[in-house]
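Trainee: Could you work out the structure for the sequence below:
(2 chains)
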Amino acid sequence: RKEVEQDPGPFNVPEGATVAFNCTYSNSASQSFFWYRQDCRKEPKLLMSVYSSGNEDGRFTAQLNRASQYISLLIRDSKLSDSATYLCVVISLGGSNYKLTFGKGTLLTVNP
Amino acid sequence: DTGVSQDPRHKITKRGQNVTFRCDPISEHNRLYWYRQTLGQGPEFLTYFQNEAQLEKSRLLSDRFSAERPKGSFSTLEIQRTEQGDSAMYLCASSLATGSGYTFGSGTRLTVV
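Mentor: Numbers count the residues shown, from 1 in each chain, chains lettered A, B, ... in the order given. Model (predicted):
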């Protein structure tokens, strides 16, 4: 089983739609969780951290379920500018070292 | 510019040549990571430094790859005897503290012909 697995996608949605991405992780001792956004041929950029209590930033809501070891990202009222690849990132402790592990990414295309 | 800088942005090299990439992290960040990303994949971990100490290396980092961070500031990643399979985007990231957000550089896109 891969350390971090995401919905394979791609997702094609119309403007204004609500879209949800899911991600599962295998290491139950994982420490921190993030969603990153990556535009074509650009570097990944931090979108938001993910907390057990859930967190919201405008149209974006992230949830963490430690018991089921999954993370979700919900985008409401999607805009054309939301088109990008969304990467699930998990930070795990290996010995005394922390490592970021990325999912493969889910490509979202928002259509007019 | 106070972000993570990588140089060069693009590199085209012939198979068998050596290449070296540089990463300048955010100045107060003590952790520095190298990742490799190929088309359609998420970034894959290569190696990690805390200050000048290289604390972890992925098995992806064959003996043709070497990374250094001699003074705990900038880092270099060298690939010797490049192969076509080395063609990828090489990303550097830095962070200040465990669990905090990690900032990526724009990457170096390597093409081996």
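
Trainee: pLDDT weak spots in chain B?
Mentor: B:1-2, B:97-100 (pLDDT under 70).

Trainee: the strands in it, which residues?
Mentor: All strands of chain B, identified by DSSP state E, fall at B:5-7, B:10-13, B:19-24, B:31-37, B:44-50, B:53-57, B:65-68, B:75-79, B:88-95, B:103-104, B:108-112.

Trainee: Give me the helices and strands touching the fourth one, please.
Mentor: If contacts are counted by 3 or more C-beta pairs under 8 Å, 6 or more residues apart in numbering or on different chains; DSSP states H and E, strand B:31-37 sits against strand A:97-102, strand B:44-50, strand B:75-79, strand B:88-95. To be clear about C-beta, it is placed using only N, CA and C from the backbone, and glycine gets the same treatment.

Trainee: One more pass at 6 Å, please.
Mentor: With contacts taken as 3 or more C-beta pairs under 6 Å, 6 or more residues apart in numbering or on different chains; DSSP states H and E, strand B:31-37 sits against strand B:44-50, strand B:88-95.

Trainee: Same list (those strands) but as TSV, adding mean neighbour count and distance to B:Arg69.
Mentor: Converted to TSV, the helices and strands packed on strand B:31-37 look like this (neighbours: other C-beta atoms under 10 Å in any protein chain shown; distance: least, C-beta to C-beta, whole Å):
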stretch	mean neighbour count	distance to B:Arg69
strand B:44-50	20	4
strand B:88-95	23	10
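
Trainee: Next up, the contacts around whichever residue of chain B sits closest to chain A.
Mentor: Going by C-beta to the nearest C-beta, chain A is nearest to B:Gly42 of chain B, at 3.5 Å. Taking C-beta atoms under 6 Å, 6 or more residues apart in numbering or on different chains, we find B:Gly42 in contact with A:Leu87, A:Phe102, A:Gly103, A:Lys104, A:Gly105.

Trainee: Name the SS class of the fourth one, please.
Mentor: Just to be clear, that refers to A:Lys104. Classification of A:Lys104 using DSSP: H, G, I helix; E, B strand; the rest coil returns coil.

Trainee: what about it, neighbour count?
Mentor: Using other C-beta atoms under 10 Å in any protein chain shown as the criterion, A:Lys104 is surrounded by 20 other residues.

Trainee: what pairs with the most centrally placed residue in chain B across the strands?
Mentor: Closest residue to the average C-alpha location of chain B: B:Trp34 at 3.5 Å, with C-alpha atoms, centre = their mean. Under DSSP bridges, the beta-bridge partners of B:Trp34 are B:Thr47, B:Cys92.

Trainee: Fine by me, thanks again.
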